[in-house]
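**Q** show me the folded form of this:
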Amino acid sequence: MEPTGALTLIPQDNGQSILSAQDAKHTFTVPGIILEDQYRLHDDQYLLVTSDDCPYEECLHLLLIDFPNATFEQIDIGQVNTPGIYKDANLVDDRTLAFSFMGDNRFSATVATAPRRSLSTLGIGSAISYASPWAKKRLFVIEQR
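**A** Here you go, the predicted model:
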């Protein structure tokens, strides 16, 4: 995983944006209007971090974009009435990004090499929510440290 500037976010009026790449044939409608961070994985996937531009009740959207297959996985972090600022991002290894959000809470986003079954966080009041069904096989997992 390496930082990149290849993706462009075009905000829309509904809190979503159009995401495109310089040389991609596909575009995606994704949540968020601010492009906080973007990383390219070696297999033509991108890890994208967007936000809603509302620091007093922020929601952070982490997206694993697969341009060749025209798909993406989405995980959101945030809680009602909880401020959040994305900061202190660093690459832990070739497939893991660590960062702070909602105060000093540390999170890590890991992209697996093959899909695996991962139960979504089901606890009431959890800051992490998955946009896909809770027991779906996925490549992308978020953990709070």
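
**Q** what sits up against the strand of greatest length in the chain?
**A** For the chain, the strand reaching the highest residue count under DSSP state E is reported as strand 106-117. The contact list for strand 106-117 (CB atoms under 8 Å, 6 or more residues apart in numbering) reads 1, 41, 45, 47, 62, 64, 75, 77, 92, 95-101, 128, 135-145. Heads up, the C-betas are built off the backbone N, CA and C, glycines and all.

**Q** pull up the pairing partners for it, direction included.
**A** Strands that pair with strand 106-117, judged by DSSP bridges, come out as strand 96-100 (antiparallel), strand 137-144 (antiparallel).

**Q** who touches the first one?
**A** The reference is to strand 96-100. Residues contacting strand 96-100 (CB under 8 Å, 6+ apart): 1, 37, 39, 47, 49, 86-92, 106-111, 145.

**Q** dump it to PDB, restricted to CA.
**A** Coordinates of each C-alpha in strand 96-100 appear next as PDB, following Å, rounded to 0.1, in the frame of the first residue of the first chain:
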ATOM      1  CA  THR A  96      -2.800  -2.100   7.100                       C
ATOM      2  CA  LEU A  97      -3.400   1.500   7.800                       C
ATOM      3  CA  ALA A  98      -3.600   2.800  11.400                       C
ATOM      4  CA  PHE A  99      -5.100   6.200  12.400                       C
ATOM      5  CA  SER A 100      -6.800   8.200  15.200                       C
END
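
**Q** quick one on the thing from earlier: next, the buried residues of the longest strand of the chain.
**A** 107, 109-111 (16 or more other CB atoms under 10 Å).
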